[in-house]
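> what's the 3D shape of this:
(3 chains)
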Amino acid sequence: MSGILNSSIGRKFAMALSAFFLMIFLLQHFAINILSVFSPDAFNEVSHFMGTFWLVQYIFQPILIFGVIFHFVMGFVLEIKNNSARKISYAKNNGSANSSWMSRNMIWSGAAILAFIVLHFIDFWFPEINTKYIQGDMSGLLADGEGFRYYEELVHKFENPIRVAAYCLAFVFLALHLLHGFMSAFQSVGANNKYTKSLKGFAKVYAIGIPLGFIFIAIFHYLNH
Amino acid sequence: MNLTLKIWRQKNANDKGKLVEYPISDISPDMSFLEMLDVLNEGLINKGDEPVEFDHDCREGICGMCSLYINGEAHGPDRGITTCQLHMRMFKDGDTIVIEPFRATAFPVIKDLVVDRSSFDRIQHAGGFISVNTSGNTIDANAIPVNKHDADDAFSAATCIGCGACVASCKNSSAMLFVGAKVSQFALLPQGKIEATDRVLNMVKQMDEEGFGNCTNTGACEVECPKGISLENIARMNREYLKASLKG
Amino acid sequence: MALDSKIPKGPLKDKWTNHKNSINLVNPANKRLIDVIVVGTGLAGGSAAATLAELGYNVKAFCFQDSARRAHSIAAQGGINAAKNYQGDGDSTYRLFYDTVKGGDYRSREANVYRLAEVSANIIDQCVAQGVPFAREYGGLLDNRSFGGVLVSRTFYAAGQTGQQLLLGAYSALNRQIGRGKVKMYSRHEMLDVVIVDGKARGIIARNLVTGEIERHSAHAVVLGTGGYGNVFFLSTNAMGSNVTAAWKAHKRGAYFANPCYTQIHPTCIPVSGDHQSKLTLMSESLRNDGRIWVPKHIKDVEAIRAGKLKPTQIEEADRDYYLERRYPAFGNLVPRDVASRAAKERCDAGYGVNATGEAVYLDFAAAFMRYGKEQAHVKGLDENDDALVKKLGQEVVKNKYGNLFQMYEKIVDQNPYETPMMIYPAVHYTMGGIWVDYNLQTTVPGLYAIGEANFSDHGANRLGASALMQGLADGYFVLPYTIGDYLANDIRTGTIPTDSPAFDEAEKNVRDNIAHLINNNGTHSVDHFHKRLGKIMWNKCGMARNAADLKSAITEIAELRKEFWKDVRVPGTNEEFNEELAKALRVADFLELGELFAKDALLREESAGGHFREEYQTEEGEAQRRKEFQYVAAWEYKGDPKDAVLHKEDLVYENIEVKERSYK
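Okay, the predicted model is just below:
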């Protein structure tokens, strides 16, 4: 087992594992967010639960942050290493003849997503941490005490059309990333068999459906408020 | 046909190298790509110039020696073939064809279009075998029945010709299709299972040491592979490797 | 020197066992003190190097390709024979022996062939243990198919890539020894001379093809597994780099060259398409299991086809001449290669060739599609009378058997062989002749061995399909590693052979002088120019049919061409770099000598036997006519010019087989 992370396949495997984790997280994130479209109350309830439940806050959240950082750092490390495996590049390279644009540009879609996550943290996560752990307000209530603050905060963020556009663009990159990443993760952990064909269909649904859903949520709130 | 060739010329491993343009005329569409280069070289020699060096041997797509990157693709625009099986009917009169060597840090250029692929051999030395001595009294061949499906899959993996098109096509210069094919061939056969753990660990270790990149599953290798070696072999190697890592 | 074949005494079936029991062995500790050079890493050389290293010898292996895996054995398609009798169709060691001697037109050495048949079964066991993925049946056991010249199914195969799979098996065994440090591999190295010290082969001079460095390598014995010399014809199914240089240098240093005129012209190759052609491509003989060979019966149909007015599929059954089935009803399309090739030439010479050059016949799978399709439809419970469906099912079966060959054909010819019959024509493929060796595979130079296609011993005047792989591996895995011990047992106290002796000096100087001459020649024509001219002479005058007048003129023409070559060849660049033209020039220089000896040998052999067909010696039906007085091996001793070569005869004695007229009717 020792040194597995130093081997090419070990790293591939680690990338895939963190990807699976992030993809499950994404699904869960989407499931909660879509509630905001149908029922602000339900959204508030679930958000408050997630924001205050110890298992989520002290166990899942650090793992998630680690997973995100690991996935990014490893992604960049591998990219640099892979680039050094061909020091002189081709004068003419017809990459589109044998592979998808998405598969060849994971680093760029990934970097775009990273930029988005920074924006997203500034928008939601940092204020959230500030409210809960620095100011010590674990109540989840609005300043006037009239109900939960989560829905209001969400809606408020989507008033600015520039931010909405930035979010939408980021989700397009997320879709591109997932269009290759989903199946790639399965391949990396060695799952390529008779189910692969059907899984490919599901991968497309997931890779396009989830980001599209997020875009829908953002535009929905922008248009409704 | 009349064509313009842009060919990578590099005197030796230390030379910087550059693309040089050569016009060529009266090319028959029935010629193979290498026969077209023969014509070019004949002309260069007669003019007193140095011919373009390129690797080739069997010229029937099985030895794996030919290795050109033609118009941005390993073994050129056709599928399921090596460069020696590429025919000029794939091109049109007036085309410009860019010809480069297979490029990877683990495949250094020797001269012009000739590269050193001994890194592939070293990976095989590390574990691409079943340890059985030539005694003449191994058990009868039919004492080891093999499920036909596995035998066919093992054969498909074993048809790899070691040309390096997978590495050349991969944006990461990864050798995983090559290594995966060999690991798979033996992993699928009962004879190969005994050494499976050491084999995959040693071969992957050597592959990493040779300076090949990591696989990001773009699938370019499978598309460009003249023998159509499947990506399933990489998945199988990944499984074998993880299994072996847990054991070892 | 009298030729001593050193055939062991005793009954045929005990010779090999008794011989192994009585020869000298080298103990394991002493093997570590002994070096062996193996040149060539094909089936013979690769398997020999691996096995010698397993036994404990220090092996240095050489190949001119960039990797041991690229030796031309890799291109063998159809299969490997072995007397396993897995099909229960009456096969046996004796029958394989008998078929091989008969197939070779009674011009091979009985004892060697019997040994070959004897160890054939071990080869399959060994290869399976190594992980060679042979074709299997649904029950998990090995499958067989049938090949030309035999009445049983004894050919083991891996689709149309059997040579590749067997070579990769030998390569894997070699890799294991390289990994252990027991074999030192020198790829991109070409042997340019063998060094004889005190009458024994003690090393080689090799050129590093990357740097041009001339290197000296010493050993206690030298083994040549360097393949055949079919490229003397320029156009052949051999790889571009296949050459006679190592064998020819050995010949010039005292090894007799046997039966150079025995060349196999393979009947099923893709026809020549034009002057640009650099090599010919073989379509496996196994295709004759399922393909039927024909030309149109009527010359008007031939003309219509050539004019593009008629398609072969439009010709009625009754208007087709399945000439092999007509002439040889017992063996039909599966007659031996020499017979099939000559029959194709006969039809084409008579004007029935079906392509623009008039040198092609059809190989048709339509009947096989329907036969297999009906079987499949029956198995699957589908409509057996639905022709379109049956054809499709049949094509699937054929695709599974020969898919890679069909694809190869389509890529080269640009016609779909599933829809229209293939066009084929004979091409130079294999050379039965080679360096003379005794029963121990030792040449006339002590310590110099020749194995595989490089030697002459097992195939007589014609090789049966799927027997080359068998011989290469038998020699390398099971024969040479034991017989060489008998010789090396005397070398356990010799110590490392120094490379600074006068013999090495002289050999190296010789090589350097030759190279300097070629580089500084500044002639007007490229190497290929001369090689193509040599090929034309060989094909026209020493090809499928030969006669005294042509052979005589070939001898003069080749000698003249050789002179012209040395005066007028242009080799660009320098020695001290990667220089393919120089490498080619050195090879062609040797072909130009061999070619002359080839013609001289063919002229001497006033009979027709196997691949050697003399127009003067044929039966009324146009079959080959053997002559009793030529029942010998012609082994040539080098004496300067090829024309001065001295003939030595090894009489062939058949004690266990009745020498009969070879009939496949």
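
> which regions of chain A lie under the pLDDT threshold?
Along chain A, the model assigns pLDDT under 70 to residues A:1-2.

> can we see that at 90?
Residues of chain A that meet the criterion pLDDT under 90 lie in A:1-6, A:136-147, A:192-195, A:197, A:224-225.

> Where does the residue nearest the centre of it fall, secondary structure wise?
Centroid-nearest residue in chain A, with CA atoms, centre = their mean: residue A:26, separated by 5.5 Å. Assigning secondary structure by DSSP states H and E places residue A:26 in helix A:8-38.

> Name all residues that make contact with the closest residue to residue A:173 other than its chain neighbours.
Of all residues not flanking residue A:173 in the chain, residue A:112 sits nearest, at 3.9 Å (CB to CB, 6 or more residues apart in numbering or on different chains). For every residue, glycine as well, the C-beta is placed using N, CA and C. Going by CB atoms under 8 Å, 6 or more residues apart in numbering or on different chains, residue A:112 touches A:169-170, A:173.

> Can you list which of those are found in helices?
Among those, the members found in helices (DSSP state H) are A:169-170, A:173.

> Which of the residues you listed lies at the shortest distance from residue C:589?
Among those, residue A:173 lies closest to residue C:589 (CB to CB), at 63.9 Å.

> surely the closest one meets residue A:109?
Yes: Residue A:173 lies in contact with residue A:109 (CB atoms under 8 Å); the separation is 4.6 Å.

> Tell me how many other residues crowd residue A:201.
Look at residue A:201: counted by other CB atoms under 10 Å in any protein chain shown, it has 9 neighbours.

> Can you flag the buried ones in the ones in helices among the contacts of residue A:112?
When the ones in helices among the contacts of residue A:112 are checked for burial by 16 or more other CB atoms under 10 Å in any protein chain shown, the buried set is A:170, A:173.

> follow-up on the earlier one: following element in sequence after the helix holding residue A:26, please.
On the C-terminal side of helix A:8-38, the closest following helix or strand by DSSP H and E is helix A:40-52.

> what does the stretch 351-500 of chain C put close to chain B?
With the criterion set to CB under 8 Å from any CB of the partner chain, the stretch 351-500 of chain C comes near chain B through C:407-408, C:411-412, C:414, C:477-478, C:481.

> Would you mind reformatting the residues you listed (as CSV) and adding columns for neighbour count and distance to residue B:195 while you're at it?
Listed next are those as CSV, based on neighbours: other CB atoms under 10 Å in any protein chain shown; distance: CB to CB, whole Å:
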residue, neighbour count, distance to residue B:195
C:407, 18, 34
C:408, 25, 34
C:411, 19, 37
C:412, 19, 40
C:414, 12, 45
C:477, 28, 20
C:478, 25, 24
C:481, 24, 23
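
> now, which of the residues you listed lie within helices?
Per DSSP H, these map to helices at C:407-408, C:411-412, C:481.

> Please render those residues as TSV that adds pLDDT and distance to chain A to the earlier fields.
Shown next, in TSV, are those (pLDDT from 0 to 100; distance: CB to the nearest CB, whole Å):
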residue	pLDDT	distance to chain A
C:407	87	19
C:408	87	22
C:411	88	18
C:412	90	23
C:481	97	38
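
> Contact partners for residue B:122?
Remark: with contacts taken as CB under 8 Å, 6+ apart, residue B:122 is in contact with B:206, B:210.

> Could I get the full set of strands for the stretch 201-350 of chain C?
Listed in chain order, the strands found in the stretch 201-350 of chain C under DSSP state E, counting those that start in this stretch are C:214-218, C:221-224, C:257-258, C:263-269, C:292-296, C:320-321.

> Now do the fifth one: which elements does it pack against?
The one in question is strand C:292-296. helix C:299-306, strand C:320-321, helix C:323-327, helix C:337-347, strand C:361-364 (3 or more CB pairs under 8 Å, 6 or more residues apart in numbering or on different chains; DSSP states H and E).

> In chain A, which residue sits furthest out from the middle?
Outermost in chain A, CA atoms, centre = their mean: residue A:91 at 35.5 Å.

> wait, doesn't it sit right on residue B:103?
No: using CB under 8 Å as the test, residue A:91 is too far from residue B:103 to be in contact (9.8 Å).

> Now the residue nearest to the centre of chain A: closest residue in space, sequence neighbours ignored.
With sequence-adjacent residues excluded and distances taken as CB to CB, 6+ apart, residue A:26 is closest to residue A:210, at 6.0 Å.

> what's the answer for residue C:105, then?
residue C:610 (3.9 Å).

> Tell me which residue is most central in chain C.
Geometric middle of chain C (CA atoms, centre = their mean) lands on residue C:430, at 3.4 Å.

> Tell me if that residue really is in a strand.
Yes: counting by DSSP: H, G, I helix; E, B strand; the rest coil, residue C:430 is part of a strand.

> Can you tell me the closest non-neighbouring residue to it?
residue C:264 (4.0 Å).

> can you check residue C:244 too?
In space, residue C:244 is closest to residue C:229, 3.7 Å off (CB to CB, 6+ apart).

> Neighbours of the one you found, how many?
Other residues near residue C:229 come to 30 when the count uses other CB under 10 Å.

> And for the one 5 residues further on?
The number of residues packed near residue C:234 is 24, by other CB under 10 Å.

> Give the buried residues for the host helix or strand of the residue nearest to residue A:26.
Element membership for residue A:210 (DSSP H and E) is helix A:196-224. Neighbour counts over helix A:196-224 (16+ other CB under 10 Å) mark A:196, A:199, A:203, A:206-207, A:210-211, A:213-215, A:217-218, A:221-222 as buried.

> what's it packed up against?
helix A:8-38, helix A:150-157, helix A:161-188.

> nearest residue to the residue in the stretch 301-450 of chain C that chain B sits nearest to other than its sequence neighbours?
For the stretch 301-450 of chain C, the residue closest to chain B is residue C:411, as judged by CB to the nearest CB, at 4.9 Å. Spatial nearest neighbour of residue C:411, chain neighbours left out: residue B:85 (4.9 Å); criterion: CB to CB, 6+ apart.

> Would you agree that neighbour is in contact with residue B:61?
Yes: using CB under 8 Å, residue B:85 is in contact with residue B:61, at 4.4 Å.

> Now do the shared contacts for these two.
The contact sets of residue B:85 and residue B:61 overlap at B:226, C:408, C:411 (CB under 8 Å, 6+ apart).

> mind checking the end-to-end distance for stretch B:111-131?
With CA to CA, to the nearest Å as the measure, stretch B:111-131 spans 36 Å from end to end.

> again with stretch A:119-139
Stretch A:119-139: ends 25 Å apart by CA to CA.

> And stretch C:442-454, by the same measure?
This stretch, stretch C:442-454, spans 12 Å end to end (CA to CA).

> Could you pull up phi and psi at the residue nearest to residue C:411?
Main-chain torsions, residue B:85, degrees, to the nearest 10: phi -100, psi 0.

> Is there a neighbour count for residue B:183? I'd like the number.
29.

> any idea of the mean pLDDT for the strand or helix carrying it?
Element membership for residue B:183, per DSSP H and E: helix B:176-187. Taken as a whole, helix B:176-187 has a mean pLDDT of 98.

> Since that was my last question, I'll sign off now.
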